[in-house]
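Student: below are the sequence and a predicted model; questions follow.
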Protein chains: 2
Amino acid sequence: MNFNYHIPTKLLFGAGKLNELSLEVLPGKKALIVISSGKSVKENGYLDRLINILKGNEIDYVLFDKILPNPIKSHIMEGALLAKAEGCDFVIGLGGGSSIDSSKSIAVMANNPGDYWDYVVDGTGKGLPVQNRPLPIVAITTTAGTGTEVDPWTVITNEDTNEKIGFGNEYTFPVLSVVDPELMLTVPEKLTAYQGFDALFHSTEGYIANVATPISDAYALKSIELISKYLPICVKDGNNLEARTYVALANTLSGFVESTSRCTSEHSMEHALSAHYPKLPHGAGLIMLSESYYTFFASKVPERFTAMAKAMGVDADLLPEEDRAISFVNALVKLQEVCGVRNIKMSDYGIKKEDIPKLAENARSAMAGLFAMDRYSLSLDETMEIMYNAYK
Amino acid sequence: MNFNYHIPTKLLFGAGKLNELSLEVLPGKKALIVISSGKSVKENGYLDRLINILKGNEIDYVLFDKILPNPIKSHIMEGALLAKAEGCDFVIGLGGGSSIDSSKSIAVMANNPGDYWDYVVDGTGKGLPVQNRPLPIVAITTTAGTGTEVDPWTVITNEDTNEKIGFGNEYTFPVLSVVDPELMLTVPEKLTAYQGFDALFHSTEGYIANVATPISDAYALKSIELISKYLPICVKDGNNLEARTYVALANTLSGFVESTSRCTSEHSMEHALSAHYPKLPHGAGLIMLSESYYTFFASKVPERFTAMAKAMGVDADLLPEEDRAISFVNALVKLQEVCGVRNIKMSDYGIKKEDIPKLAENARSAMAGLFAMDRYSLSLDETMEIMYNAYK
């Protein structure tokens, strides 16, 4: 048991906490506000509330509102150029994981030369050392899915190479994050489910990863428990603030898991899917893979699966020993049924069965790092087997 | 559920981790090393190892080796004067809680005018705002008891007023901490037990405090579980590195609890004891109070006590409902027996029964803040009742 632990982010958590941002010392005088190309943060008034807080603190700002659901490298470069041209000295990501991840990558490129892919470590990234500290990052999350508000990771797609790769270092943690579940009340049913499962899988992967520690385990099991209990309520009744709060907490805990353990190859496989089919929401892709993926791994780390089943409320001690590990998969499938996402299919997004060898190879090259986190080392054939079994 | 979360410390955890300090960027060029007046960190070679690491990184240092087991204000002022005179730009606390706490308070006073008690908020402290940021603090802990390596708190006794008071703010977190259980193998049996129970009570108090959050709860229950399992092994076999590692982890988790929840009035009562009887080890004082204290509170927050009993391995669901909460106290007493500290007595340290009214009043004035963390508000009579029942 030998690990480093570092989550320097200051977190403001709870309903109404966005207002308290005005009481904090922000890390600069001129912000680049990074939001998505969608309408929700504008129409729901979140952007105006943020701007009012900045004005009240005499902080200037520039808006960059082009981020796509699966954010792309060219927007990172464009945002960084804007931040430089306008003399922004910090970045605020407002929105879901795409906006916050983009704010991190823009913060890197606003203070460093060359191309973003020069610094990306996996795939065709050049893996050069980041020379200068990124601009300070503030994150305000309006979804509960990525945990990015308390982890260093940012996932960007290189649209030229069809690679969707995670990147981060100790300076890409947000210095300050707001998790205000009131901002999540308007997330539609389907997205609530997709994002909630993304959070769940950060915790389940982090729990079965070979770099898990007792600290990440505590976060992961609590997060799994809370999502199992409260995600179905959020999906059915988006206005239930208590349930939204618990799912938001579970998501933040899953971000702690990503900061203290790591994701596994499930995420690599999904990144291959959504890099090639950018309309596929990341959480949906994970759901499509999950039954097959966890069925494969159940026999590889049975004790860990039993603990996850218990966190989901399964009374696993009452089961015959050979059924305990797989009872996690049963609980997972049941949760997907209750949340109305049991029947989503790769074919709905145009993915073809004959694409799988290419997608499996892409997963293994672009995101090789996460395959190294598995407790059982997958061959290419086994990677394809998991993806074939997941195909509908 | 509304809270702020901020533990900015970077933690290096595990056997052998002290060596990795040489790979870290330290926060200055000249350190004040703060150690106790005892011999252990010198005789065990820990000080030499630290000095070699500093030399290897071309970092200068000055040694301040006067800290008492219950550290006093005059040493804080003396250490701060030395740091100023020598131009130290950071502070390293090496040792147990006393040395690390002192390094924090010295870091405050090295950069601020006046007297330390000007800034202390409770008791006769003037509660003035701290004007300047403290020097950066590095902590290297050689015991598993206070959790101070990952929390902002420092507890210092004002020897003029017999007040032992905690203090801290967001800049008194260590920037970097090393928890290397190899450094703990030499802690003697009795101290191992006292320190282990101190860690336990940070978690139990933090769990029953009215500011607990689901995050602090997860830390606390894990810490309680690990201490119950591994402290008896450490006490019996100090060289068992695995058990030392788990207790070190439990202690660090209890520090996370102190950073995310708070201690309760049990700590206030103990501070009154050891402020007046400085030879009483803090952990021993807590043990003396604990059976009476937790018996009193068991009926006030029964569900929380049942959860703590379960974390200690009690199969509480099998008990009649009225016995579940108190089963925590039974498990606690049993743990004290197994660790050989069941029979320590206040009278052994010269504490007289007739002192109790004065001590109860001191607890309530000097550390009033922690009484406000109780889920049931104790009267002075009830405070005395708890202390009388604890008296042997």
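Tutor: Alright, I've got the coordinates. Numbering: from 1, shown residues only, chains lettered A, B, ... in the order given.
Student: what about chain A, any weak spots by pLDDT?
Tutor: By pLDDT under 70, chain A has no low-scoring segment.
Student: residues from it in reach of chain B?
Tutor: Neighbours of chain B within chain A, by C-beta under 8 Å from any C-beta of the partner chain: A:1-17, A:170, A:214-215, A:218-219, A:221-222, A:226, A:245-246, A:249, A:253. Bear in mind the C-beta positions are built from the backbone N, C-alpha and C, glycine included.
Student: now those residues: which count as buried?
Tutor: Buried subset of those (neighbour count, 16 or more other C-beta atoms under 10 Å in any protein chain shown): A:3, A:5-15, A:17, A:214-215, A:218-219, A:221-222, A:226, A:245-246, A:249, A:253.
Student: identify the residues contacting whichever residue of the stretch 251-392 of chain A sits closest to chain B.
Tutor: The stretch 251-392 of chain A approaches chain B most closely through residue A:253 (7.2 Å), counting by C-beta to the nearest C-beta. Counting by C-beta atoms under 8 Å, 6 or more residues apart in numbering or on different chains, residue A:253 makes contact with A:147, A:203, A:219-220, A:222-223, A:226, B:215, B:218.
Student: that one: which element?
Tutor: helix A:241-260 (DSSP states H and E).
Student: may I have that helix exported as CSV, CA atoms only?
Tutor: The C-alpha trace of helix A:241-260 is given here as CSV (Å, rounded to 0.1, in the frame of the first residue of the first chain):
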residue,chain,number,x,y,z
LEU,A,241,-33.7,18.1,-5.2
GLU,A,242,-32.8,15.6,-2.5
ALA,A,243,-32.2,12.8,-5.1
ARG,A,244,-30.3,15.3,-7.4
THR,A,245,-28.1,16.2,-4.4
TYR,A,246,-27.2,12.7,-3.6
VAL,A,247,-26.4,11.9,-7.2
ALA,A,248,-24.3,15.0,-7.4
LEU,A,249,-22.5,13.9,-4.4
ALA,A,250,-22.0,10.4,-5.8
ASN,A,251,-20.6,12.0,-9.0
THR,A,252,-18.2,14.2,-7.0
LEU,A,253,-17.1,11.1,-5.1
SER,A,254,-16.5,9.3,-8.4
GLY,A,255,-14.3,12.3,-9.3
PHE,A,256,-12.3,11.6,-6.1
VAL,A,257,-12.1,8.0,-7.3
GLU,A,258,-10.6,9.1,-10.6
SER,A,259,-8.1,11.3,-8.7
THR,A,260,-7.0,8.5,-6.4
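Student: which of the residues in that helix are buried?
Tutor: A:241, A:243-260.
Student: again with stretch A:39-57
Tutor: For stretch A:39-57, the neighbour count (16+ other C-beta under 10 Å) marks A:40-41, A:46-47, A:49-51, A:53-54 as buried.
Student: before we move on, back to that, which of the residues of chain A next to chain B fall within helices?
Tutor: A:214-215, A:218-219, A:221-222, A:226, A:245-246, A:249, A:253 (DSSP state H).
Student: want to throw these into CSV with distance to residue A:391?
Tutor: Output for these, formatted as CSV (distance: C-beta to C-beta, whole Å):
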residue, distance to residue A:391
A:214, 37
A:215, 37
A:218, 35
A:219, 32
A:221, 31
A:222, 33
A:226, 31
A:245, 36
A:246, 33
A:249, 34
A:253, 31
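Student: report the two of these separated the most.
Tutor: The most widely separated members of those are A:214 and A:245, with 26.2 Å between them, by C-beta to C-beta.
Student: residues in contact with the residue lying closest to residue A:182 once chain neighbours are set aside?
Tutor: Excluding the flanking residues, the one nearest residue A:182 by C-beta to C-beta, 6 or more residues apart in numbering or on different chains is residue A:15, at 4.9 Å. Residues in contact with residue A:15 (C-beta under 8 Å, 6+ apart) are A:180-182, A:241, A:245, B:2.
Student: same check, this time on residue A:40
Tutor: A:46, A:95, A:142, A:186.
Student: could you dump these into CSV with distance to residue A:346 added?
Tutor: CSV is the format used below for the contacts of residue A:40 (distance: C-beta to C-beta, whole Å):
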residue, distance to residue A:346
A:46, 33
A:95, 27
A:142, 28
A:186, 29
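Student: of all the residues you listed, which comes closest to residue B:329?
Tutor: Among the contacts of residue A:40, and counting by C-beta to C-beta, the member closest to residue B:329 is residue A:142, at 45.5 Å.
Student: give the contact list for the residue lying closest to the closest one once chain neighbours are set aside.
Tutor: Leaving aside its sequence neighbours, residue A:142 sits nearest to residue A:183 (C-beta to C-beta, 6+ apart; 4.4 Å). By C-beta under 8 Å, 6+ apart, residue A:183 lies in contact with A:18, A:44, A:46, A:140-142.
Student: tell me the two of these that are most distant?
Tutor: Largest separation among the contacts of residue A:183 by C-beta to C-beta: A:44 and A:141, giving 13.4 Å.
Student: who touches the residue of the stretch 51-200 of chain A found nearest chain B in this structure?
Tutor: Closest to chain B within the stretch 51-200 of chain A is residue A:170: 7.8 Å, counting by C-beta to the nearest C-beta. Contact analysis of residue A:170 by C-beta under 8 Å, 6+ apart lists A:6, A:8, A:152, B:10.
Student: same thing with residue A:95?
Tutor: Neighbouring residues of residue A:95 by C-beta under 8 Å, 6+ apart: A:34-36, A:40-41, A:67, A:140-143.
Student: what do you get for residue A:91?
Tutor: Listed by C-beta under 8 Å, 6+ apart, the contact set of residue A:91 reads A:31-32, A:34, A:83, A:103-104, A:106-107, A:110, A:135-138.
Student: for the residues you listed, give me TSV that also has secondary structure, neighbour count and distance to residue A:230.
Tutor: What follows is the contacts of residue A:91, written out as TSV (DSSP: H, G, I helix; E, B strand; the rest coil; neighbours: other C-beta atoms under 10 Å in any protein chain shown; distance: C-beta to C-beta, whole Å):
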residue	secondary structure	neighbour count	distance to residue A:230
A:31	strand	28	33
A:32	strand	27	34
A:34	strand	34	29
A:83	helix	26	37
A:103	helix	36	27
A:104	helix	29	28
A:106	helix	33	33
A:107	helix	30	32
A:110	coil	24	37
A:135	coil	26	35
A:136	coil	19	32
A:137	strand	30	28
A:138	strand	28	27
